[in-house]
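**Student:** everything below, folded, please.
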Amino acid sequence: MKINLIVIGKLKEEYLRNACGEYIKRLGRYCNIEIHELDECRLSDNPSEKEILSALKKEAAEIRKFASGMIIPLCIEGKQFTSEQFASEISSAGVNGFSTITFIIGSSFGLDNEIKSAGHIKLSMSKMTFPHQLARVMLLEQIYRAFQINTNGKYHK
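**Tutor:** Okay, here's the model as predicted:
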């Protein structure tokens, strides 16, 4: 299985890069993982709704270049899963003919509606608010946990 992770923006903090690196290394046993870091559109200090929507459209055009297979955008209005349910979704992707799963993390302003609509599943990590850059670490950890659950590993105990 191939996992694509499309993210808007780069990780600035070394500890976040290290955490992501650890999960990417662990995931190597289970899948091929590819991360596409796309540039975030620059906005004014107090952007208008029109400016935000325009930026999201530009980011969507870049996202489409890398999105394939089962598309899973992360968004507030997405569905929340337990770790076991999430593992089941990943497992069923292959059964449903998908050899690639693409997760998409937008900018701090979210994702364009076109990207959300293209999603086979919309995913929400939590009702709580977390720092935008932490989403990548959390997602990679949950993907790793899902593979551990699906292979009866000891990590998820």
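**Student:** where do the strands of this structure begin and end?
**Tutor:** Per DSSP state E, the chain carries strands over the ranges 2-8, 32-38, 70-79, 100-105, 123.
**Student:** of all those strands, which lies closest to Asp45?
**Tutor:** Closest approach to Asp45 among the strands of the chain (CB to CB): strand 2-8, 18.7 Å. Any C-beta I mention is one placed from the backbone N, CA and C, and that applies to glycine too.
**Student:** now that closest one and strand 100-105, what's the angle there?
**Tutor:** 20 degrees (axes from the mean of the first three to the mean of the last three CA atoms, to 10 degrees).
**Student:** does anything pack onto strand 2-8? Which helices or strands?
**Tutor:** Packing partners of strand 2-8 (3 or more CB pairs under 8 Å, 6 or more residues apart in numbering; DSSP states H and E): strand 32-38, helix 49-64, strand 100-105, helix 134-150.
**Student:** try 7 Å this time
**Tutor:** strand 32-38, strand 100-105 (3 or more CB pairs under 7 Å, 6 or more residues apart in numbering; DSSP states H and E).
**Student:** now do the buried residues in it.
**Tutor:** For strand 2-8, the neighbour count (16 or more other CB atoms under 10 Å) marks 3-8 as buried.
**Student:** same thing with stretch 70-85?
**Tutor:** Within stretch 70-85, judged by 16+ other CB under 10 Å, the buried ones are 70-75, 78, 81.
**Student:** stretch 98-109 too?
**Tutor:** 98, 100-107, 109.
**Student:** can you pull the pLDDT of the nearest residue in space to Phe147 that is not next to it in sequence?
**Tutor:** Leaving out its chain neighbours, the residue that sits closest to Phe147 by CB to CB, 6 or more residues apart in numbering is Tyr30, at 4.1 Å. The model reports Tyr30 with a pLDDT of 96.
**Student:** burial check on Tyr30, number of neighbours?
**Tutor:** Neighbour count for Tyr30, taken as other CB atoms under 10 Å: 18.
**Student:** look up how far Asn96 lies from it.
**Tutor:** Separation of Tyr30 from Asn96 (CB to CB, to the nearest Å): 18 Å.
**Student:** quickly list what the closest residue in space to Gly119 that isn't next to it in sequence is bridged to.
**Tutor:** In this structure, Gly119 finds its nearest non-sequential neighbour in Pro73, 4.5 Å apart by CB to CB, 6+ apart. Beta-bridge pairing for Pro73 (DSSP bridges): Ile104.
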